[in-house]
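**Student:** would you be able to build a 3D model of this:
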Amino acid sequence: MGEDRGFPGMIGSIDCMHWEWKNCPTAWKGQYTRGSGKPTIVLEAVASYDLWIWHAFFGPPGTLNDINVLERSPVFDDVLQGKAPKVKYFVNGHQYNLAYYLTDGIYPKWATFVQSIPLPQGEKATLFAKTQESVRKDVERAFGVLQARFAIVKNPALIWDKVKIGKIMRACIILHNMIVEDERDGYTQYHVEEFTQVEANRTSQVDLAYETDWASNMTNLMGIRNNVRDQNTHYRLTNDLVEHIWNKFG
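**Tutor:** Take a look at the predicted model:
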């Protein structure tokens with residue numbers, strides 16, 4: 001999960017895209033139009049380096065910013081419900097148990113988000129900011145490729161029914177991922193033989209005794225939610241990543 005690019009534990013990059021809704025019903029235009037612009041519908045997505053879209057949430061009105069969309073998004077539902085696989089990785093000698101996304105500066109300082117450094121001071125911070133911003137562009141490239149492949153997504157939506165528009169977006173994302181999967185072998189960065197070594201040469205193994213069940217009562221749910229939104233973990237992880245990237249690429 002991002003280790004080869006200097007970000008161990010990273011799932012991908014998260015961001016939002018607006019799709020213009022030309023035939024938005026008049027009664028809804030105020031809800032879907034920001035300022036003096038045109039009505040839009042928001043797509044929140046998580047994409048990896050190969051442009052595979054891991055998560056897509058479509059439907060919020062265009063008046064919402066990225067944080068408002070995040071509050072409505074199901075991106076952390078599997079984590080909160082205990083359905084997501086448990087994660088354990090080390091950065092700069094410290095253990096972390098929650099995977100994270102690379103984001104821009106508008107997203108909150110949560111344990112599951114890593115932003116760039118707006119005004120980096122020193123070589124370490126500058127290298128980290130440069131690396132984070134280059135990797136974060138994966139999701140923007142995914143949006144661009146999605147629009148380039150499907151003109152219906154690039155051009156304003158001409159349908160009145162929002163449900164049908166949502167089905168079109170979902171179909172385009174599925175087709176996009178099918179194309180990515182079909183073409184993936186042509187630009188993979190790894191050697192397949194690395195994953196087919198004999199048992200004696202493996203450097204990591206699955207711990208079959210490791211607990212994967214998380215209790216679903218309200219107390220534990222709130223505890224997990226607090227862990228996801230923990231700012232102290234966010235700052236500690238960011239500092240460790242600065243050191244990690246400096247040691248790897250500096």
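**Student:** which residues of the protein fall in strands?
**Tutor:** Along the chain, the stretches classed as strands by DSSP state E are 10-20, 40-47, 53-61, 89-91, 94-96, 100-102, 113-114.
**Student:** ok, which of those comes nearest W246?
**Tutor:** Distance to W246, taken as CB to CB, is lowest for strand 89-91 among these, at 12.1 Å. Just so you know, the C-beta spots here come from the backbone N, C-alpha and C atoms, and that holds for glycine as well.
**Student:** could you list the paired strands of that closest one along with their orientation?
**Tutor:** strand 94-96 (antiparallel) (DSSP bridges).
**Student:** related to what we said a few turns ago, looking at the strands of the chain, which is buried most?
**Tutor:** Per-stretch averages of neighbours, counted by mean count of other CB atoms under 10 Å, single out strand 100-102 among those, with a mean of 26.
**Student:** other SSEs contacting that one?
**Tutor:** Applying 3 or more CB pairs under 8 Å, 6 or more residues apart in numbering; DSSP states H and E, we find strand 100-102 packed against strand 10-20, strand 113-114, helix 123-149.
**Student:** and of the ones you listed, who's closest to I165?
**Tutor:** Set against I165 and scored by CB to CB, the helices and strands packed on strand 100-102 come closest in strand 10-20, at 7.8 Å.
**Student:** so who does P61 touch?
**Tutor:** Taking CB atoms under 8 Å, 6 or more residues apart in numbering as the contact definition, P61 lies against W28, Q31, Y32, P39, T40, I41, V42.
**Student:** ok, those vs L241, which is closest?
**Tutor:** The nearest member of those to L241, counting by CB to CB, is V42 at 28.5 Å.
**Student:** I'd assumed M17 was in contact with the closest one.
**Tutor:** Yes. If you go by CB atoms under 8 Å, V42 and M17 touch, sitting 7.3 Å apart.
**Student:** the helices and strands packed on strand 100-102 into TSV, with extra columns for distance to G62 and mean pLDDT?
**Tutor:** Supplementary listing: the helices and strands packed on strand 100-102 in TSV, determined by distance: least, CB to CB, whole Å; pLDDT from 0 to 100:
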stretch	distance to G62	mean pLDDT
strand 10-20	5	95
strand 113-114	23	97
helix 123-149	15	95
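**Student:** any chance of the ones you listed in CSV, with distance to Q231 too?
**Tutor:** Listed next are those as CSV, based on distance: least, CB to CB, whole Å:
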stretch, distance to Q231
strand 10-20, 18
strand 113-114, 10
helix 123-149, 18
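**Student:** can you list the low-confidence ranges for this protein?
**Tutor:** The chain contains residues with pLDDT under 70 at 1-4, 185-218.
**Student:** report how many residues lie close to S36.
**Tutor:** 5 (other CB atoms under 10 Å).
**Student:** no wait, A142
**Tutor:** By the criterion of other CB under 10 Å, A142 has 28 neighbours.
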